[in-house]
Each structure stands twice: as structure tokens, then as C-alpha cells.
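[1] Sequence and predicted structure are below.
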Amino acid sequence: MTRRPNFFIVGAPKSGTTAMDSYLHQHPDIFMGPKEAHYFSPDVIRDQNFLFSSERYERLFSEASNEKVVGEGSVHYLVSPEAAKRIHDFDPKAKILVHVRNPVDFLYSHHSQQVFEGYEDIEDFQEAYHATDDRRKGQRIPEKCRFEKILDYREMTNFADQIQRYFDLFGREQVMVTLFDDFKNDTSSVYRKTLAFLEVDPSFEPAFPVVNPNKKIRSRALMNFIKDTPDWVTSASRMVMPLPVRKKLKQWIIRKNTRFQERTPMDQAFRAQLTIEMQPGVERLAKLIGRDLSAWQKS
């Protein structure tokens with residue numbers, strides 16, 4: 001019988017969730033399914049071909065056996081207005097892990113990732129941020145953007161309301177909120193706390209490689225070809241290569257088409273403006289989770 005997930009990493013993007021997913025995957029008592037299924041957030045998906053059927057979703061966990069925890073991580077479950085209730089309907093006893101970070105740093109990193117993925121076609125961060133109002137009206141959304149809300153940069157930072165949805169449905173005892181600052185500064189300690197939250201052996205020590213650094217595309221045309229491969233190429237490749245080989249080839253091409261580099265620092269005047277704009281939300285989040293976030297309010 002296929003196991004069902006009982007643990008969810010729900011976001012936010014660019015806040016250490018990919019790294020945490022990778023580290024949890026190493027634990028012998030935890031099975032982590034493929035990341036970013038977004039099964040419980042169809043409301044944020046524009047491309048209907050990206051939606052998972054229940055049968056396809058269950059197959060993601062077909063290799064799970066007797067692990068105590070079966071997990072799934074999809075970063076848009078946090079911004080999705082519907083995901084919390086859908087997950088609760090699926091398993092009201094599920095445990096929820098949330099990662100959040102300074103919203104100004106988050107936005108800059110998030111924008112860079114969307115440019116890399118090809119979902120954002122405005123490469124200037126300040127210009128992209130100011131396009132938010134148009135995009136809320138359904139305007140200026142790139143054709144290749146699969147997700148409805150990820151370019152709504154203001155809503156993406158509404159962490160307090162997003163977390164409150166999970167607190168309301170699951171209760172605080174089933175929801176763990178982790179700050180990216182803590183995770184980055186003392187990864188091992190945060191990892192052990194997460195294991196304790198999941199009620200598995202907290203003494204397990206995984207390898208802690210750097211995961212999901214900032215990336216730039218070498219060739220946008222090649223990236224677009226990989227993401228939207230013509231049907232005739234897909235059909236031909238199926239005839240000569242099994243699925244595992246095709247996946248490895250695709251991953252190899254993406255790696256070769258990627259270069260890793262530090263982001264150019266954000267314009268300081270715009271950073272100061274955003275810090276002021278984000279202050280009320282930061283204060284609400286600090287009160288909600290009982291943490292001093294005053295460091296986030298320094299530009």
C-alpha cells in the first residue's frame with residue numbers, strides 16, 4: 001500500500017526549504033518525495049498541464065516503506081489561499097514546516113530565481129516590483145509563468161497572514177516556523193530542532209552542502225527549449241532513451257547552462273524604501289511568532 005505524506009514543507013521560497021528538504025532526505029526515518037509537486041495549490045497554477053492527478057501524486061511516494069515520516073515540500077503552499085485547508089482535509093494531523101526570511105532579502109532573491117526560471121521577464125528588480133499592480137490585474141504576466149501569484153511580490157511577503165492560516169487549522173503545536181537567519185547561522189542546531197519536531201532521532205548528523213545558490217542562465221534560448229521541448233523531440237527521445245536517461249540528460253544540460261554567482265547588491269535607496277514598506281508586516285509577523293525581528297527593519 002502506498003504511503004501518504006504526513007509532513008509538509010510549505011515555503012517560503014528562497015528561505016532554505018530546498019536545503020532542509022535535502023538534509024531531511026538523508027535521515028533514515030524520513031522519506032521525502034520529489035520537491036515542488038504543488039498538488040494542494042491548484043489555485044496558484046496557471047498552466048493546467050502542470051496539475052497532478054491524485055494517482056500521479058500518490059506515485060511520488062511509492063518508494064516509501066517503513067519510515068516514520070513521509071514528507072513533501074512545495075514552496076507555494078504558503079502563498080496559496082487554498083493549500084492550508086486542502087492539506088488539512090487530506091491529513092488534519094500533518095505537521096507543517098514554514099521557513100521565512102527578511103522580506104526585503106527574500107524579494108530580491110525570489111525575483112532572481114524567477115528570472116532564472118524564465119517565469120519573470122523583467123530583469124530589473126525595481127521595475128519588476130513596481131509591475132505588481134498591473135500583474136494583479138492580469139497584465140504583463142509572461143506567457144511562460146506557470147504560477148499565478150509568484151509575481152505578486154507584495155503578497156509573497158505577507159508572511160503573517162499566510163502562517164496564520166496554518167495556525168488556525170493545525171494549531172501551533174503542529175506548525176514549526178523557522179527563520180532563514182537561524183538556519184543559515186546554525187544549520188545543525190535548526191536541523192536537530194526540526195528532527196525533534198518530527199519526533200525522529202535528533203542525533204542524526206547529515207552532510208550539510210550548500211544547496212540552491214544564486215544562479216544565472218548562460219543561454220535563455222536553450223533554457224526555454226528544455227522547459228518547452230517540441231513534441232517531435234520528446235517523441236523521438238522516448239523511442240531511443242528510457243525515462244531515467246532522459247531525466248539525467250535534461251539535468252546535465254541545465255547544469256551546463258547554469259553559472260553560479262553572487263547577486264549584485266540591491267540599490268540602497270530602493271532597499272531603504274522597501275524596508276519601510278515592509279515594516280508593518282514584519283511587526284505583525286514578530287508578534288505572531290514571538291520573535292524579535294527588529295534586525296529586519298534596518299536598511
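    Looks like it came in fine.

[2] Residue ranges in the stretch 1-150 of the chain under the pLDDT threshold?
    In the prediction, the stretch 1-150 of the chain carries residues with pLDDT under 70 at positions 1.

[3] Going along the chain, name the helices of it.
    Along the stretch 1-150 of the chain, the stretches classed as helices by DSSP state H, counting those that start in this stretch are 17-25, 54-59, 83-90, 103-117, 125-130, 132-136.

[4] quick one: buried residues of the third one?
    In terms of neighbour count (16 or more other Cβ atoms under 10 Å), helix 83-90 has its buried residues at Ala83, Ala84, Ile87, His88, Phe90. For every residue, glycine as well, the C-beta is placed using N, CA and C.

[5] any residues touching that helix, and which ones?
    Helix 83-90 has contacts (Cβ atoms under 8 Å, 6 or more residues apart in numbering) with 4, 8, 10, 40-41, 43, 74, 76-77, 94, 96, 165-166, 168-170.

[6] go on, the fourth one?
    Residues external to helix 103-117 that are found in contact with it (Cβ under 8 Å, 6+ apart): 12-15, 100, 120-121, 123, 125, 128-129, 145, 150-151, 153, 156-157, 159, 180, 214-217, 258, 263, 266, 271, 274-275, 278, 281-282, 296, 299.

[7] buried subset of these?
    Burial by neighbour count, judged by 16+ other Cβ under 10 Å, picks out 12-15, 100, 120-121, 125, 128-129, 145, 150-151, 153, 156-157, 159, 180, 215, 217, 266, 271, 274-275, 278, 281-282, 296 from the contacts of helix 103-117.

[8] measure Leu288 to Asp134 for me?
    According to Cβ to Cβ, to the nearest Å, Leu288 and Asp134 sit 30 Å apart.

[9] Mind checking which of these two has more residues around it?
    Neighbours of Leu288 and Asp134, each counted by other Cβ atoms under 10 Å, are more numerous for Leu288; the result is 16 against 12.

[10] Next, the contact list for the more buried one, please.
    Ala160, Ile163, Gln164, Phe167.

[11] Quick one, grab the pLDDT at the first one.
    Yep, that's Ala160 we're talking about. Taken from the predicted model, the pLDDT recorded for Ala160 is 98.

[12] And for the second one?
    The predicted structure scores Ile163 at 98 on the pLDDT scale.

[13] What is the burial count for it?
    Residues within reach of Ile163, counting by other Cβ under 10 Å, total 25.

[14] swap in the first one?
    Summarising burial for Ala160: neighbours were counted as other Cβ under 10 Å, giving 18.

[15] The third one now?
    Other residues within reach of Gln164 by the criterion other Cβ under 10 Å amount to 15.
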